[in-house]
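> need a structure here:
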Amino acid sequence: MSIVSFSFLVFLLITVICYYIFPRKYRWSFLLIASILFFLLSCEWKLLLYLLFGILTTYIGTNYLYDKCKTKKQKKITLFVTLFSILSILCALKYINIFPITLNAFGNLFHINFHFGTVSLLAPLGLSYYTLSLTGYVIDVYREAYEPQKNILKHALFSCYYPIMISGPFVRYNDMKKELFEPKEFDWNNLFQGFYRIMYGLMKKLVIADLLAPFVRQVFTQYNNFTGFYIINAVMLYAIQIYADFSGCMDIVNGASKMYGITLIENFESPFFSKNLSEFWRRWHISLGAWAKDYIMYPLLKSSLFQNLGKTCKKKFGKKIGKKIPTLLSIFILWFLIGLWHGASYKYIFAAGILPWIYLTLGEMFGEKVNSITKKLKIKTECFSFRLFQSFRTFLLMCFIWLFACAPNLGSSLTIIKNIFIMPRVGLLYELPKLPMVILFASSIVIVVDYLKYKNIDVLNWFSKQNIWFRWIILFIIIFSILIYGAYGPGYNASDFIYGGF
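From the prediction side, this is the model:
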């Protein structure tokens, strides 16, 4: 069951009504029932075994770790066994084919046909998201950040709360325990704000992302036929598509949770207004970046291996450079794993991992020199034009990353880059799907909302305080744009979220 389907809206309406009918003390238990039901409606019941395995393993592992382990060695062994158990399932289902693909590609370089076959395994809904959230939970218990949950049903709800299983965000137990388990009072404002946000998310997904998808898909699946500005245009449209798709999904998820009175963390904070790439990554997929820093980068930097590496580098290269080497190495590992998380494909490892690391490393190495050149040229940096230049520069750098993500594979991306510099044939324009003007209108709404958020204005609260006639006019415009122009109906794959595959 996709969250952009009519059946999901019906499911949400029924469960919200039942949630507030349930006794306040036990409303969390109804959320658990709804989450399991949603899982069963969205995928095969046999896949529930994977979810149950993750729930039981982390419940037993964390409680044993906290109550039974007395020595540091016992705690480390329990941590390793628990994490290995849940992460091995993720790796087996998601990355099992990367080895035969790599060996076949390596053999082709020397004209050897290994003919290693690939395996098709069905993964459960939200595998990557709930596995990494549980991984963070286990590590936090090991660090004694908080006590593990003793009630196995409450632990199960934290593990599989259905809105966040779809595409995140990655959540922390400490942030969610009050939201999930404390009784929520009925509040009309929560219902209205949740509904507004769901409609806004549906507009992003159905009116912007899904109407742009055919244009982008045709250019990149037939990349040998398209050159010049066709490719440049398609990459820029993909940037809008992926943002509307993923942030639209997050709006629906946050809106659905708001209707239960549950507040989730924000996963996007106006990323296209960022002045540089570091700021962009702080505003894009925020929960993934925070998770990677807390559970990958910082533990690496604190490890004895990296501490000794830092000391050695300082002796050989001096304090300034020696201090940066362990940091850049830990950031490389972080980004490599983020790229691998996006998919068992070398294009994702490069596009979502290695290339962002190269950008950030170059920025770290030459940032001061660029600033000094800017000062020498007496360029005004505290003005609208320079900030616009910074945002556009960041957008273009991200488009280069997304070019690799759009390409069928890493090899074809090089052909696509080469084709950019070939003069295009104007006649091809008539072979591409036509983009309706409603995309421009809907995108303008998104730009205005994102700009207000960038200025730290709570748009939902502001909107809720407006006159009722104003709110309903805007809402009707959004609903009618979805009904008239939205991509849905026969032949439409409602579950085809870009980040749903990650």
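> could you chop the protein up by domain?
6-186, 190-264+380-501, 289-376 (automatic domain parsing).
> and those domains as CSV, adding distance to E279, mean neighbour count and mean pLDDT?
(Glycine included, C-beta is placed from N, CA and C.) Below are the domains of the chain laid out as CSV (distance: least, Cβ to Cβ, whole Å; neighbours: other Cβ atoms under 10 Å; pLDDT from 0 to 100):
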stretch, distance to E279, mean neighbour count, mean pLDDT
domain 6-186, 19, 17, 88
domain 190-264+380-501, 8, 17, 88
domain 289-376, 11, 16, 90
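> and F280, which of the ones you listed is closest to it?
domain 190-264+380-501 (5.4 Å; Cβ to Cβ).
> let's have the domains of the chain in JSON lines, adding distance to R283.
Conversion of the domains of the chain to JSON lines gives the following (distance: least, Cβ to Cβ, whole Å):
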{"stretch": "domain 6-186", "distance to R283": "13"}
{"stretch": "domain 190-264+380-501", "distance to R283": "9"}
{"stretch": "domain 289-376", "distance to R283": "9"}
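> for R282, find the nearest of the ones you listed.
Taking the domains of the chain one by one with Cβ to Cβ, domain 289-376 is closest: 6.7 Å.
> any idea which residue sits dead centre in the chain?
H285 (4.6 Å; Cα atoms, centre = their mean).
> contact partners for that one?
For H285, the contacting residues are 168, 246, 267-268, by Cβ atoms under 8 Å, 6 or more residues apart in numbering.
> in helices only, show me those.
F246 (DSSP state H).
> ok, so of the contacts of H285, who is nearest L127?
Nearest member of these to L127, counting by Cβ to Cβ, is G168, at 12.0 Å.
> hmm, Y130 and the closest one touching each other?
No - contact criterion Cβ atoms under 8 Å: G168 and Y130 do not qualify, at 9.5 Å.
> how about the helices in the stretch 251-400 of the chain?
277-283, 286-292, 298-302, 304-317, 319-342, 346-349, 355-376, 384-406 (DSSP state H, counting those that start in this stretch).
> show me the one of those helices that comes nearest Y451.
Going by Cβ to Cβ, the one of those nearest Y451 is helix 384-406, 10.9 Å.
> what helices or strands is the very next helix or strand once past that closest one leaning on?
Sequence-wise, the next helix or strand downstream of helix 384-406 (DSSP states H and E) is helix 410-420. Judged by 3 or more Cβ pairs under 8 Å, 6 or more residues apart in numbering; DSSP states H and E, helix 410-420 is in contact with helix 229-259, helix 346-349, helix 384-406.
> got the angle between the first one and helix 410-420?
To tie it back to what came earlier, the one meant is helix 229-259. Taking axes from the mean of the first three to the mean of the last three Cα atoms, to 10 degrees, helix 229-259 and helix 410-420 form an angle of 120 degrees between their directions.
> which helices and strands sit right next to helix 229-259?
Secondary-structure packing of helix 229-259 (3+ Cβ pairs under 8 Å, 6+ apart): helix 6-21, helix 162-167, helix 188-202, helix 210-221, helix 384-406, helix 410-420, helix 438-454.
> now those as CSV including distance to I77?
Formatted as CSV, these follow (distance: least, Cβ to Cβ, whole Å):
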stretch, distance to I77
helix 6-21, 41
helix 162-167, 30
helix 188-202, 44
helix 210-221, 48
helix 384-406, 39
helix 410-420, 39
helix 438-454, 46
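> of all those helices, which lies closest to F273?
helix 438-454 (4.5 Å).
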